[in-house]
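Student: Predicted model follows, preceded by the sequence.
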Amino acid sequence: MNDPKRSTRRTILQGSLAVALLAAAPPGVRAQQKAAKSLVQYLDKPKGDQRCDRCVQWLPPDSCKLVAGPISAQGWCALFAIKPK
């Protein structure tokens, strides 16, 4: 017979193994791809007072956590999220 406790235990162990394998994977394997500028309506100029260097995703001097390629500090995209003060 199938014991529900055994099935649950097996499921938990399989899930734990998957988590362990993911944690052991090299960083490049775990990294998400960045969005293309065209997909996020990127502009090289600000939109009002919204600009990349004021965004939580900004990585100085010219990068973004979410958008691929070089990013202008004065740029803007649809993913803009103001940095908390």
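Tutor: The structure has been received and is ready for your questions. Numbering: from 1, shown residues only.
Student: okay, now the domains of the chain?
Tutor: 1-31, 32-85 (automatic domain parsing).
Student: could you give me the average pLDDT of the shortest one?
Tutor: So that's domain 1-31. For domain 1-31, the mean per-residue pLDDT is 60.
Student: before we move on, what about stretch 45-60?
Tutor: Here the average pLDDT along stretch 45-60 is 96.
Student: So which residues of the protein form helices?
Tutor: 4-24, 27-30 (DSSP state H).
Student: Look up the residues forming beta bridges with L59.
Tutor: S63 (DSSP bridges).
Student: hang on, isn't it packed against V67?
Tutor: No: contact criterion CB atoms under 8 Å: L59 and V67 do not qualify, at 10.0 Å. C-beta: built from backbone N, CA, C; applies to glycine.
Student: quick one, which of those two is more surrounded?
Tutor: For L59 versus V67, the count of surrounding residues by other CB atoms under 10 Å is larger for V67: 23 against 12.
Student: check contacts around the more buried one.
Tutor: For V67, the contacting residues are 34-37, 40, 42, 57, 77, 79, by CB atoms under 8 Å, 6 or more residues apart in numbering.
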